[in-house]
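Student: how does the following fold in three dimensions:
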Amino acid sequence: MQFKYYRKEIRMNSLTLVGVLKKYPELEELKNGKKQYRFIVEAEKNFRNEDGSIEKELYECVIWRGIADTIISVCEEGQLLGIRGRLQPRRLEISENGSEYVAEIVAEKISILETREG
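Tutor: Below you'll find the model as predicted:
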């Protein structure tokens, strides 16, 4: 009996990020009238440098619609967040002769993992 194996390609744009809210969401109104909020999350790398320290990186995130209203009402800078979402490329016009592409995280689900006391 002979079996045939079919290679099925799966392409998925999905990510999970755990980090600290460093910049509170700011409202940005788009040309089409829609609203989005941008915020910055700081996350540690999962390895140490030669000197033994852990580097941190900043990620720009975007939230839309209902999730935005919820997050704005309950989040504070310094809270630990769990973010599920996807990467979205965006083209920035940097001069008359050129543009640059950046990737931002579109947050589709956000969980507050730790609250700040104080």
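Student: what sits up against stretch 21-41?
Tutor: Stretch 21-41 is contacted from outside by 17, 19-20, 42, 58-64, 68, 71-72, 75-79, 81, 83, 104-105, using Cβ atoms under 8 Å, 6 or more residues apart in numbering. In this view, the C-beta of every residue, glycine as well, is placed from N, C-alpha and C.
Student: if we go to 7 Å?
Tutor: The contact list for stretch 21-41 (Cβ atoms under 7 Å, 6 or more residues apart in numbering) reads 17, 19-20, 42, 58-64, 68, 71-72, 75, 77-79, 81, 83.
Student: do the same with stretch 46-61
Tutor: For stretch 46-61, using Cβ under 7 Å, 6+ apart, the contacting residues are 17, 19, 22, 38-45, 83, 104-105, 107.
Student: among those, name the buried ones.
Tutor: Among the contacts of stretch 46-61, those buried by neighbour count (16 or more other Cβ atoms under 10 Å) are 17, 19, 39-41, 43, 83, 104-105, 107.
Student: would you turn those into a markdown table with distance to Ile94?
Tutor: Output for the buried ones among the contacts of stretch 46-61, formatted as a markdown table (distance: Cβ to Cβ, whole Å):
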| residue | distance to Ile94 |
| --- | --- |
| Leu17 | 26 |
| Gly19 | 27 |
| Phe39 | 23 |
| Ile40 | 20 |
| Val41 | 24 |
| Ala43 | 26 |
| Ile83 | 27 |
| Glu104 | 16 |
| Ile105 | 21 |
| Ala107 | 26 |
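Student: out of the residues you listed, which sit inside strands?
Tutor: Cross-referencing the buried ones among the contacts of stretch 46-61 against strands under DSSP state E gives 17, 19, 39-41, 43, 83, 104-105, 107.
Student: show me what counts as buried in the least confident helix or strand in the chain by mean pLDDT.
Tutor: Least confident helix or strand, the chain: helix 65-74 with a mean of 81, by mean pLDDT, DSSP states H and E. Neighbour-count burial for helix 65-74, with 16+ other Cβ under 10 Å as criterion, is recorded at 68, 71.
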